[in-house]
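Provide a 3D model corresponding to the input given below.
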Amino acid sequence: MFFVLFAISVVTFVLMRLVPGGPFNTERGVPPAIVEALNKRYKLDAPLVEQYIDYMQGLLVPRLTDRTYRRSVVEDYIINIPMDFLGEGVALRWINFGPSLAKRNQTVTGIIRDGLPTSMQLGIAALLVGVVIGVPIGTIAALRQNTGWDYLSMSVAILGVSIPSIILGPLLQYIFGVTLKVLPTTGWGTINHLILPAFALGFTESALIARLTRASLLQVLREDYIRTARAKGLSERVVIGVHALKNAIIPVVTVLGPLAAALLTGTFVVETLFGIPGLGRSFVLSIGNRDYTLIMGTVLLYAMFLVVANLIVDLTYALFDPRIRLH
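Below is the predicted model of the structure:
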């Protein structure tokens with residue numbers, strides 16, 4: 001995990017600076033003297049290795065602060081733990097992503113702090129939509145193989161794969177927001193604002209989950225232990241729910257790891273369509289603005305979610321497959 005995060009940080013840091021342009025180049029043009037002063041202020045004129053070490057020190061090295069500490073555009077930490085037993089106002093602070101180079105009155109930590117909770121709420125809701133729709137559809141298709149139910153279920157799955165969220169989102173807005181007027185088309189703050197974007201984001205993922213569930217369950221249903229369970233006189237509900245589906249769900253759990261990481265960090269298209277103030281929009285705009293610190297912060301945050309999600313998936317294998325043991 002740590003090696004992966006280190007490699008991602010190095011590659012991202014180098015690639016950002018290989019792209020033509022910089023955070024202070026605009027269409028109107030900025031006088032060279034001002035660009036030079038800004039580069040000096042943010043230490044962008046230093047050697048690349050020195051810039052990387054300086055950035056990673058602010059990110060990885062915790063520090064103790066006293067009562068004189070004040071949050072600023074230079075120092076804004078995600079983790080702030082009071083340690084009054086060392087003195088009044090003393091706190092342990094860790095993970096500072098630095099100032100935003102495009103929004104100079106904001107910090108990357110502040111942008112993440114504002115946008116990430118919203119993106120996580122949307123991502124969790126979309127993931128639930130994907131699982132709640134995908135697993136039952138895939139199970140029905142496997143249990144009714146080559147019947148009308150199977151064809152109908154897989155048609156829904158193919159429909160979900162074929163229609164991207166950039167098409168499904170406006171379609172849902174028109175039907176439920178403009179025509180029926182039962183749900184808001186944009187905005188954020190209530191459960192009603194969450195329904196349409198979560199479905200637009202989760203329906204596509206439900207198609208993938210349904211296809212995986214069907215394929216895996218069909219394979220499991222042909223195993224000898226399923227035949228033995230039926231020969232012992234167990235009810236079909238016990239055979240499917242306890243024996244078959246428990247092992248068939250492993251490929252689905254494998255996919256849920258990176259899928260959850262992607263959904264939790266936000267999706268630019270859905271957040272833009274529905275006017276959601278999430279992290280995905282800030283991430284995409286930071287690339288166009290060459291906002292080095294915001295790019296690094298969001299990429300490392302996504303990478304951290306990804307490796308942690310995959311770790312959790314690996315650990316949960318033992319819960320579904322008794323043949324797997326953690327030693």
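
pLDDT weak spots in the stretch 51-200 of the chain?
Within the stretch 51-200 of the chain, no range satisfies pLDDT under 70.

which residues of it fall in helices?
Using DSSP state H, counting those that start in this stretch, the helices of the stretch 51-200 of the chain run over 108-143, 148-162, 165-172, 191-221.

repeat that for the stretch 201-327 of the chain.
Going by DSSP H, counting those that start in this stretch, the stretch 201-327 of the chain shows helices at 224-231, 236-238, 245-248, 250-264, 268-273, 279-288, 292-320.

could you give the separation of the shortest one from the chain centroid?
Meaning helix 236-238. On the basis of Cα atoms, centre = their mean, to the nearest Å, helix 236-238 sits 36 Å off its chain's mean C-alpha point.

so for that helix, mean pLDDT?
Averaging pLDDT along helix 236-238 gives 85.

ok, now the third one?
With pLDDT averaged residue by residue, helix 245-248 scores 82.

got the buried residues for that helix?
245, 247-248 (16 or more other Cβ atoms under 10 Å). Every residue, glycine included, has its C-beta placed from N, CA and C.

and of those, the nearest to Met1?
Nearest to Met1, judged by Cβ to Cβ, of the buried residues of helix 245-248 is Asn247 at 27.1 Å.

once you drop chain neighbours, what's closest to that closest one?
Val220 (5.3 Å; Cβ to Cβ, 6 or more residues apart in numbering).

how close does the one you found sit to Ala141?
Taking Cβ to Cβ, to the nearest Å as the measure, Val220 falls 14 Å from Ala141.

sorry, back to before: possible to save the helices of the stretch 51-200 of the chain as JSON lines with distance to Phe283 and mean neighbour count?
Shown next, in JSON lines, are the helices of the stretch 51-200 of the chain (distance: least, Cβ to Cβ, whole Å; neighbours: other Cβ atoms under 10 Å):
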{"stretch": "helix 108-143", "distance to Phe283": "9", "mean neighbour count": "21"}
{"stretch": "helix 148-162", "distance to Phe283": "25", "mean neighbour count": "15"}
{"stretch": "helix 165-172", "distance to Phe283": "16", "mean neighbour count": "17"}
{"stretch": "helix 191-221", "distance to Phe283": "16", "mean neighbour count": "22"}
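
looking at the ones you listed, which is closest to Ala260?
helix 108-143 (5.6 Å).

angle of the closest one against helix 250-264?
150 degrees (axes from the mean of the first three to the mean of the last three Cα atoms, to 10 degrees).

quick one, what contacts Val308?
Listed by Cβ atoms under 8 Å, 6 or more residues apart in numbering, the contact set of Val308 reads 1, 261.

let's see that with 6 Å instead.
Residues near Val308 by Cβ atoms under 6 Å, 6 or more residues apart in numbering: none.

just the pLDDT for it.
The model's pLDDT for Val308 equals 87.

please report how far it lies from Phe176.
35 Å.

and what of Thr213?
Counting by Cβ to Cβ, the gap from Thr213 to Phe176 is 27 Å.

which of the three states applies to Asp45?
At Asp45, secondary structure determined by DSSP: H, G, I helix; E, B strand; the rest coil is coil.
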